[in-house]
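Colleague: pasting the structure only:
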């Protein structure tokens, strides 16, 4: 039963954090920042938030610093929006998954160029 609750709360936190990112006015936070995934501890006390940026890992690390400084505001907003008794401690971690997937996509396009659909060949 705890796994279902944790999973549901992770999804709720992910949804609300995505909305909150657009409201933050810190210049260190990249506008192309994406929350990749959220990992919530079983006792709902700690939350790891993995963020990635299309601009690269250095931009994601800088954005994590901005998010850490705004973590008090973010925790308070999560508390009010999710109507939970206690907001988890947030830990922001820079992730390279979006940049890595863009690099793989670029390599695949170099190997085989994009083929246009031509329905007249049928």
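Modeller: Cool, got the structure. Only a predicted model underlies this, so the values are computations on that prediction, with no experimental measurement involved. Numbers count the residues shown, from 1 in each chain.

Colleague: From here on, just use CA atoms for contacts and neighbour counts.
Modeller: Fine.

Colleague: where does the chain have low pLDDT?
Modeller: Scanning the chain for pLDDT under 70 picks out 1-2, 113-122.

Colleague: Can you show me the helices along it?
Modeller: For the chain, helices defined by DSSP state H occupy the ranges 2-21, 57-69, 71-82, 97-111.

Colleague: so can I have CSV of these showing mean neighbour count and distance to residue 31?
Modeller: Below are the helices of the chain laid out as CSV (neighbours: other CA atoms under 10 Å; distance: least, CA to CA, whole Å):
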stretch, mean neighbour count, distance to residue 31
helix 2-21, 15, 8
helix 57-69, 19, 9
helix 71-82, 15, 17
helix 97-111, 13, 14
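
Colleague: Dump these to a markdown table, plus distance to residue 45.
Modeller: Output for those, formatted as a markdown table (distance: least, CA to CA, whole Å):
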| stretch | distance to residue 45 |
| --- | --- |
| helix 2-21 | 11 |
| helix 57-69 | 16 |
| helix 71-82 | 12 |
| helix 97-111 | 26 |
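
Colleague: wait, which of those helices is closest to residue 28?
Modeller: Of all the helices of the chain, helix 57-69 sits nearest to residue 28, with 5.3 Å by CA to CA.

Colleague: what does the closest one contact?
Modeller: 26-30, 33, 51-53, 90-96, 99 (CA atoms under 8 Å, 6 or more residues apart in numbering).
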